[in-house]
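>>> Sharing a model prediction with you, sequence too.
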Amino acid sequence: MTSLPAPSQKKLGLVIDLDTCVGCQACATSCKEWNTGGFSGPLSDQDPYGADPHGTWLNRVHMYEAGEGDDTRTVNFPRSCLHCETPACVTVCPTGASYKRAEDGIVLVNPDTCIGCKLCSWACPYGAREYDYADGTMKKCTLCVDRIYNETLEPEDRQPACVRACPTGARHFGDLGDPTSAVSQLVADREGVALMPELGYNPVNRYLPPRERRNAPSADTTTTAAPAVGTDAGVVDKFFAWADKALTR
Amino acid sequence: MAGNQPDVALNEPVGDTVKTTTCYMCACRCGIKVHLKDGKVRYIEGNRDHPVNKGILCGKGAAGIMQHYSPARLQAPMKRVGPRGSGEFQEISWDEALELAGGWLGKVRSEDPKKLAFFTGRDQSQALTGWFAQQFGTPNYAAHGGFCSVNMAAAGLYTFGGSFWEFGEPDWEHTKYFLMFGVAEEHGSNPIKAALGKLKQRGAKVVVINPVRTGYGAIADEWIGIKPGTDGMFVASLIRELLISENIDLASLVRYSNAPWLVINDPGASDHGLFARDPNGNPLCLDKTTGDIVDAMRPDITPSIIATNIALDDGRKADTSFRLLAARFLGAEYAPEQAETVTGIPAHTIRRIAAELADAAFNQAIELDIPWTDWAGREHKTTTGRPVSMHAMRGISAHSNGFQTCRTLHILQILLGTIDCPGGFRYKAPFPKATPPPLKPFGKHGTIKPNTPMGGPPLGFTVGPDDLLVGPDGTPERIDKAYSWDAPVAAHGLMHMVINNAAKQDPYPVDVLFMYMANMSWNSSMNVPAVLRNLTAKDEKTGEYKIPKIIYSDAYYSETVSYADLVLPDTTYLERWDCISFLDRPISDPDAPADSIRQPVTTPDRDVRPFQDVVLDLGGRLGLPGFVDDAGKPKYPGGYSDYIVNHERAPGVGPLAGFRGVDGDKYGKGEPNPNQLQRYIENGCFYAHELEPTQRYMKHANKNYLDWAQDIGFVGHANPVTFQLYLEPLQKFRLAAEGHGDVLPPDSHKQRIQRFFDPIPFWYAPFEGTLLDEDEYPMHAITQRPMAMYHSWGSQNAWLRQIHGFNRLHMHTSKGASLGVETDHWVWITSAIGRVKAQVQLMDGVNPDTVWTWNAIGKRAGAWNLDPEAPEAKKGFLLNHLISELLPERDGGYRFSNSDPITGQAAWYDLRVKIEKAPPAETGETVPQFERLVPSNPLLRPDTLQYSGDNRTGAQS
Amino acid sequence: MHPAYSVIFFTTASGAGYGLLVWLGLAELLGEMPSNWWFRFMAFGLATGLVVAGLLSSTFHLGRPERALNAFSQWRSSWLSREGVLAVATFIPVALFGLASVFGLFVDAADLWAVLTIIFALLTVWCTSMIYNSLTTIRAWNDQIVPPVYIALALATGGILFCGLTTLMDNLGAGAIWAALVAIIAGWILKVLYWSRLDGRKLTLTTADAIGLPKLGRVRPIESPHSQANFVMREMGYTVGRRHADRLRTYTVIGLFVIPALCCLALLALPTGFAPLFGLIAILSAAAGVLTERWLFFAEAQHVVSLYYGAEAA
Ligand SMILES: Nc1nc2c(c(=O)[nH]1)N[C@H]1C(S)=C(S)[C@@H](COP(=O)(O)OP(=O)(O)OC[C@H]3O[C@@H](n4cnc5c(=O)[nH]c(N)nc54)[C@H](O)[C@@H]3O)O[C@H]1N2
Ligand SMILES: Nc1nc2c(c(=O)[nH]1)N[C@H]1C(S)=C(S)[C@@H](COP(=O)(O)OP(=O)(O)OC[C@H]3O[C@@H](n4cnc5c(=O)[nH]c(N)nc54)[C@H](O)[C@@H]3O)O[C@H]1N2
Ligand code: SF4
Ligand code: SF4
Ligand code: SF4
Ligand code: SF4
Ligand code: SF4
Ligand SMILES: [Mo]
């Protein structure tokens, strides 16, 4: 592990709320759009108008179903680099092109030295590395490093493109190394999870699990529940009697 | 390597220029900032200051770059040289194109203006195009509303003077209980998403009623997988439960609705079922304090809302509107147990939802510290809110029972007292309007004259048979048969019937079909194979096309381009002026009326022109009044931007409301301001006028608001808006069907009018299911909007088409098991009119009797300048091939369009199908395949794209 | 894992080349080096040729082969880098050993060169194996048995080459045949063991784990992010059908182990006149066998990331 820097105090990452993500793909296209002109761009597209269009995307949104029978639910799941604390994608890299920034933990690929051996993509359990077939180098989520510190942007725009775009506010960016940060609080409140911790990569990003469904009878509503099943004259009369109030216009 | 970390340029400027404008990757109209670098688009982001999206951007919006640089962009005007549909074109100059179009149109106008059928799609210049049609003198004008959501719009406008989407929205800030019916994506794409995010954060309960659980349904607290076409039953059952449990807001009914109005009960009489009125035409009610029958609009009375069998002055009997309504919904047919068998929703769930609604509306009512004054001048210290809100769209409106279903839903809102109150539904200016808005469709029989404008706009709101556009024998006056007995309350026209009717020359032949921004030969038509035949149908005797001339304006190589005789290429949305106006559909939010513009942020590199410029040019060539000055010279030589600034619809009222007056300091009314566009640009390309706090709620009865709305011209008078529980206009049509009055429906239509034009909403089964053998076609088949694709026009987008390159047929796992079908298998989908082959995706979050697919992903091979082998063409499919444009013959042989009988809304979601597994030999490619389109002289398609914003590299194919 | 031909050829060819070098070294140390100059010329040529071809082939897998030199920099952490460094370093003793053996230069230290060649060659093969073995994302590879398999197969294929070449140009000693036979059988045992461990391994991660929601029960995709396969699916999504794999395993056993082993027995038993024929058969059969084995090594390996794309467990 000679190539990983000493763990940084600052651990920048994303917190993604699976309870509010509607799977709209805004984070995916805004990421593509920013990064194709950004630090590791262009992000190429193969056969863009042809029979097998595919390209380099740093963020992809899945749709899953979970559970059985009446308990199934739909979960939209955006996936990008988790900026792991101990990622083998960095240590396997033969060139040093793949590295973890000492100051904030962002994992990046140096587009000028990567040889495109793809080994880092084999080492990433989360499918976060995308080979650029046209450029011959590896691409990955940059955590929009060229936005978050960018002094040419308004301070409130210094956040990742995907976070900035997300229409539901399901994406949050911040320092997960600081327990007092908004994102850390959110993770604490909502019991945010890391993906596949057993693999030992120590992801920084967290996912907030969907909340419990609310489709069971609840105590405070049963009191007002309507009574009658059929309609007999009694029910109708009772209603009209009730509605026969003196109400001014 | 640590210590050997490369330097990353952290402070690169995004581009060299940034311009604000309005997105047009869909009709949501978000504000965007376009960053340019060396004249190329580098990055598009949401404008934080913009009232619609407040900085966020959707999946399509962020892919705008690829739309703007699409190789499917049309290059120059084209004239057809081969047979129609062959795609053989010759590029011509704009002079020649406009001369040609002007010649065709001029001839029509001087002979019979209604032989021009001018139909536009989801553009945002209907104020201009509608005015063009009016000044041209043809009634044959409409936009896409008829095939879109006219049921929703009309039901809302007739019932409470507003609707969802641009007309109003939930009070997202305060609502505690939110019901969403039949929405996959909606026009308010970004605002809805932002709002749902907020609701989830606040812990408000979100209930989604939809046969399919994706998108919004996925994050709902409760998903109700209703059977398609049965929402009316579900809502009616909720109403019943609320009535029985005495959970309705009687006070608000008395004040704001026609609940107390007396309805004449005199079967057989020509005014049976109409409101009893005084000699001045005012509706009457029974005053409980005096026992007198008095003007129902008086503020000082105590009206009874349940009075029945009241004797009128002439001795006849009457009941209150509410009495009739309550009797209807208290009927046993709407009991939850009954509703369960129809909707598939368990009775106990219906009861629980009703109880939860009641609990939220009445036990959790809120009180805001906002004083307001009602229409009668009474002051209220606070504003009371019933924090229950709803939103619905095409899932309930795109059925043949949609109008009545939408009405039922609005009745539920009204009964709960949640209209324009805190936490409920909120109007957006210029709404509310009168129920319905006092605007009649023009183009009555005998009024269409050569070289003569119509007296008013072609679209409006009928309130009885006298308003219909029909000949003496009841034949339709319009080519789409809107406002005829086929669709008396059409409101938005029936664009989906135009090609069919024109080709059949029913009710008469047209000479020029002029279309704009609608892919009518593909995804916005029903029965596509028939439409394609209709577009090329020839008169056997003369050999002429039945539709002699077709002019079409598109910006891209859509399926429809190939069927035009003259193609007028438009710019992309980043290359033109546009105006999102109060004269059409503005971008207001409940607190702030707002309108906006689009400004050109780049210059076209092709020989294309903004369509609005073309319309103004044609208007000038034709010498249409208003388009030319007294000397006959074009009035807006500067094109659309000139028109936006200088056109006045009424004195002081123009396309834009902001920065009017010579100094730009007037709002709403004021002289044209030559600097208006500059002022808009400086303001981020929009203008929002904040309402006073006292004007923000209860607008239907809020004196401050109504006075202001009258001043500004949103409404003609400041009278309160009365909610129509009982919808009298429908009864008028019914009376005609019974033989009363001068304008009578043909016999073939009488039964239909009598049955469906019920002034009190009710549920009936959608037509298709009742006309077919349901055992033979047991499944409902519906479509959904994908969030990352806009109808057909996203498939040219190199990024979006990677997300939705083809579509599958989604069905329930248990259905798959019973049919022996697994994910990836191919199936035949068969409807009464055809078969389509598709690949399957099984899932659990779908009503078991329903199959669905993403809308408009399937493409015709060769269209959009895609490789003919593109997955969109090889595997993608349209359900439209299976949806009949006409209902089966009825007695008498007449075939109605497959639409709602009241409004003519296209019934896309009534489709019934059967599913069969395709044998292995038939897998791999979708069917039907149409003859491949060959774009004429298209742009080259790169094999690889490496777009970076300042240079676009890529090997050319 | 997608079985990329460049990588299959790289690992098998260089493996055989290094294996052959090991046997040449041992032959030198044991004084069993065949005396035919052409043999030595050809053997060193073939061994280095295979190694060089393998290494060159591996660069076809690179997106930016012109930057290949960068790959030598991270030997402190990266097995790929270590492999590259060692592969290059190995050329030094190999060159000296070859010069001594073929051209009679530096012969005094020939044994030293031989020892160094053996050590470096084995280390290089070991590093190659460690590239795969170190990936925790691919359980089929992340098994301690992988390096021994790689070494055994390098020795087996190298041994078969050694014997085969000898039969063509010189008299083959029984010692060499026995040695090759031992390597073949060792490879056979290890590979069968590998497969049985692979088949017996419990897959413990599910898609629910992959999306961080193990409590939600069974999770399955209903819509993939993009409708065409992306890089990750193309590179890591390859799976071979169970029946196909079984068949290929049989071919591997027959081609790589059974036939060469029978050839060895035949060489021991039959008159030397037949030797070149069996030598040739052994080489060709082993080549086919090892290519199949390596193809399967990739094709049978499931990457954790497949959980996101429809695999139920990994
Ligand atoms: N099965 C099924 N069918 C449906 C529906 C459904 O739910 N299910 N929905 C229906 C509904 S609600 C609608 S609104 C219709 C929509 O159907 P259409 O109105 O046909 O919508 P589009 O496919 O987007 O076609 C719009 C056309 O405008 C062109 N265009 C895009 N931008 C510009 C521009 O800037 N200028 C010009 N001049 N042209 C431009 C596009 O290239 C395209 O050809 O589909 C209807 N069809
Ligand atoms: N991304 C994107 N946004 C768009 C568009 C687009 O093409 N793409 N198109 C725009 C246009 S023109 C329109 S009209 C709007 C329409 O926006 P929506 O109203 O959201 O229209 P649909 O996608 O047709 O969604 C209809 C929903 O109703 C459900 N549904 C079908 N039948 C029933 C039923 O009987 N009952 C209930 N409760 N639900 C039912 C379907 O499952 C689906 O989820 O979207 C606009 N916004
Ligand atoms: S933008 Fe937000 S809501 Fe949309 S897919 Fe991404 S995370 Fe989900
Ligand atoms: S998610 Fe993958 S690419 Fe990102 S740091 Fe972790 S291992 Fe590396
Ligand atoms: S592909 Fe590039 S970043 Fe990845 S391991 Fe190889 S050299 Fe390193
Ligand atoms: S942080 Fe930036 S690079 Fe990473 S997924 Fe979001 S937009 Fe893409
Ligand atoms: S919702 Fe999306 S596509 Fe539509 S206007 Fe807004 S950003 Fe553009
Ligand atoms: Mo629509």
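Thanks, I have it. Ligands and ions are numbered 1, 2, ... in the order given.

>>> B:Ala650 and ligand 6, how far apart?
Noted for B:Ala650: a distance of 48 Å to ligand 6, by CB to the nearest ligand atom, to the nearest Å. Glycine gets a C-beta too; all of them are placed from N, C-alpha and C.

>>> Next, the contact list for B:Arg255, please.
A:Arg249, B:Asp374, B:Ala701 (CB atoms under 8 Å, 6 or more residues apart in numbering or on different chains).

>>> Is stretch B:922-935 positioned near chain C?
No. Stretch B:922-935 stays clear of chain C (CB under 8 Å from any CB of the partner chain), getting no nearer than 13.5 Å.

>>> what's in contact with that stretch?
Outside stretch B:922-935, the residues touching it (CB under 8 Å, 6+ apart) are B:72, B:87, B:528-529, B:532, B:557, B:559, B:561-562, B:825-826, B:828, B:834-839, B:858, B:860-863, B:865, B:868, B:873-877, B:881.

>>> Going by neighbour count, which of those are buried?
B:72, B:87, B:528, B:532, B:557, B:559, B:561-562, B:825-826, B:828, B:834, B:836-839, B:858, B:860-863, B:865, B:868, B:873-877, B:881 (16 or more other CB atoms under 10 Å in any protein chain shown).

>>> Please flag which of these sit within strands.
Taking DSSP state E as the definition of strands, the buried ones among the contacts of stretch B:922-935 contribute B:Trp826, B:Trp828, B:Val836, B:Lys837, B:Ala838, B:Gln839.

>>> Just the local confidence number for the second one, please.
When you say that, I think you mean B:Trp828. B:Trp828 carries a pLDDT score of 98 in this model.

>>> Kindly report the same for the third one.
B:Val836 is assigned a pLDDT of 98 by the prediction.

>>> re the thing from before, can you add pLDDT and give the contacts of B:Arg255 back as CSV?
Listed next are the contacts of B:Arg255 as CSV, based on pLDDT from 0 to 100:
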residue, pLDDT
A:Arg249, 86
B:Asp374, 96
B:Ala701, 98
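
>>> ok, so of those, who is nearest A:Cys81?
The closest of the contacts of B:Arg255 to A:Cys81 turns out to be B:Ala701 (CB to CB; 55.2 Å).

>>> contacting residues around the closest one?
B:Arg255, B:Tyr256, B:Asp374, B:Trp375, B:Pro720, B:Val721.

>>> ok, now B:Ala276?
By CB under 8 Å, 6+ apart, B:Ala276 lies in contact with B:Trp261, B:Leu262, B:Val263, B:Ile264, B:Pro283, B:Leu284, B:Ile293, B:Leu312, B:Ala318.

>>> sorry, back to before: out of the contacts of B:Ala701, who has the most neighbours?
When neighbours are taken as other CB atoms under 10 Å in any protein chain shown, the top entry among those is B:Arg255 (26 neighbours).

>>> Mind checking the pLDDT average for stretch A:34-44?
On average, stretch A:34-44 scores 95.

>>> and it, how far apart are its ends?
End-to-end distance for stretch A:34-44: 13 Å, by CA to CA, to the nearest Å.

>>> That one close to ligand 3?
No. Under the criterion of CB under 6 Å from any ligand atom, stretch A:34-44 makes no contact with ligand 3; the nearest approach is 13.2 Å.

>>> so how far is that stretch from its chain's centroid?
Relative to the chain's own centre, stretch A:34-44 is displaced by 20 Å; criterion: CA atoms, centre = their mean, to the nearest Å.

>>> Residue ranges in chain A under the pLDDT threshold?
Applying pLDDT under 70 to chain A picks out residues A:1-2, A:217-233.

>>> how does it look with 80?
Applying pLDDT under 80 to chain A picks out residues A:1-3, A:70, A:217-233.

>>> May I have the secondary structure class of the residue lying closest to C:Gly310 once chain neighbours are set aside?
Of all residues not flanking C:Gly310 in the chain, C:Pro221 sits nearest, at 5.4 Å (CB to CB, 6 or more residues apart in numbering or on different chains). Secondary structure for C:Pro221, judged by DSSP: H, G, I helix; E, B strand; the rest coil, is strand.

>>> What is the neighbour count of B:Asn646?
Taking other CB under 10 Å as the criterion, the count of residues near B:Asn646 is 17.

>>> Kindly report the same for B:Gly291.
10.

>>> if I look at it, how far off is A:Asp237?
Separation of B:Gly291 from A:Asp237 (CB to CB, to the nearest Å): 21 Å.

>>> residue ranges for the helices of the chain, please.
No chain was given, so I picked chain A. Along chain A, the stretches classed as helices by DSSP state H are A:26-36, A:88-91, A:119-123, A:145-148, A:161-165, A:182-190, A:219-222, A:233-243.

>>> should've been chain C
Under DSSP H, chain C gives helices at C:5-30, C:37-60, C:79-103, C:110-133, C:146-169, C:174-200, C:207-210, C:231-236, C:242-252, C:259-269, C:275-299.

>>> Mind checking those for the one nearest to B:Asp910?
Using CB to CB, the nearest of the helices of chain C to B:Asp910 is helix C:207-210, at 37.0 Å.

>>> Please give me every residue in contact with the closest residue to ligand 5 within the stretch 751-900 of chain B.
Using CB to the nearest ligand atom, the closest approach of the stretch 751-900 of chain B to ligand 5 is made by B:Gln802 at 22.2 Å. B:Gln802 makes contacts with A:Asp45, A:Pro53, A:His54, A:Gly55, A:Trp57, C:His226, C:Ser227, C:Gln228, as judged by CB under 8 Å, 6+ apart.

>>> likewise B:Ala592?
The contact partners of B:Ala592, taken as CB under 8 Å, 6+ apart, are B:Pro51, B:Ala688, B:His689, B:Glu690, B:Leu691.

>>> what's the neighbour count on the last one?
To tie it back to what came earlier, the one meant is B:Leu691. Neighbours around B:Leu691, by other CB under 10 Å: 22.
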